[in-house]
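>>> When you get a sec, could you give me coordinates for this:
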Amino acid sequence: MKEDNLKPKTYDQIPNHMLSLDAFSQWLGIELVEVKEGYCKVQMTIRKEMLNSMGKAHGGITFSLADTAFGFASNTHGRKAVSIDCSINHIDALEAGDVITAESEVKSLKNKVGFYMVEVKKEEQIVALFKGVVYRTSAQWD
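Okay, here's the model as predicted:
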């Protein structure tokens, strides 16, 4: 085993690694836009198969995008973090072809828990607000 493989992953490597293992986020077409420690911005395009019976994006789609941004951001600190609570407020409907982004940012980081807010936007318009709490395990990303 190379010595490089024993070093913990840096904050910017972790989301890329997580995405490479996440078949659902890949199916959604989620792309990483920007990563900083405690922050992640992701993007995707709404497709026809993501629409509900009213021809609008299913609420689970914006939830999933926000949840992915939240998960990636919460793991950039180097410790494996898992969601223990999250909620979303849907503000505006989306349609096929809409490109949306989700920006997740840490608001409070403690030893065992972290609190994050995620804004989901279509261009500059907020279409959903997501709040999430993670449990921070002692396991490191390496």
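>>> Could you use CA atoms for every contact and neighbour count after this?
OK.
>>> Return the residues in contact with the nearest residue to residue 128 once chain neighbours are set aside.
Closest residue in space to residue 128, ignoring its immediate chain neighbours: residue 90 at 4.5 Å, by C-alpha to C-alpha, 6 or more residues apart in numbering. By C-alpha atoms under 8 Å, 6 or more residues apart in numbering, residue 90 lies in contact with 59, 127, 128, 129.
>>> what's the offset of the host helix or strand of residue 68 from the middle of its chain?
Element membership of residue 68 [criterion: DSSP states H and E] is helix 59-75. How far helix 59-75 lies from its chain's middle: 3 Å, per C-alpha atoms, centre = their mean, to the nearest Å.
>>> List the contacts of that helix.
Counting by C-alpha under 8 Å, 6+ apart, 11, 14-15, 18, 25, 30, 35-44, 50, 81-83, 88, 90, 101-106, 114, 116-120, 128, 130, 132, 134 sit against helix 59-75.
>>> Was I right to think residue 40 contacts residue 34?
Yes. Under the criterion of C-alpha atoms under 8 Å, residue 40 makes contact with residue 34 at 5.8 Å.
>>> If you average pLDDT per helix and strand, which one of this structure comes out bottom?
helix 13-20 (a mean of 95; mean pLDDT, DSSP states H and E).
>>> Would you mind identifying the next helix or strand past the helix holding residue 68?
Taking DSSP H and E, what comes next after helix 59-75 is strand 79-90.
>>> Just the CA atoms of that following strand, as PDB, please.
What follows is strand 79-90 as a C-alpha-only set of coordinates in PDB (Å, rounded to 0.1, in the frame of the first residue of the first chain):
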ATOM      1  CA  ARG A  79     -14.800  12.900  10.200                       C
ATOM      2  CA  LYS A  80     -17.500  10.700   8.900                       C
ATOM      3  CA  ALA A  81     -20.900  12.400   9.600                       C
ATOM      4  CA  VAL A  82     -24.300  10.900   9.200                       C
ATOM      5  CA  SER A  83     -27.700  12.700   9.100                       C
ATOM      6  CA  ILE A  84     -29.900  12.500  12.200                       C
ATOM      7  CA  ASP A  85     -32.500  15.100  11.400                       C
ATOM      8  CA  CYS A  86     -33.500  17.200   8.400                       C
ATOM      9  CA  SER A  87     -36.400  19.100   7.000                       C
ATOM     10  CA  ILE A  88     -37.300  21.100   3.900                       C
ATOM     11  CA  ASN A  89     -39.600  24.000   3.000                       C
ATOM     12  CA  HIS A  90     -40.600  24.000  -0.700                       C
END
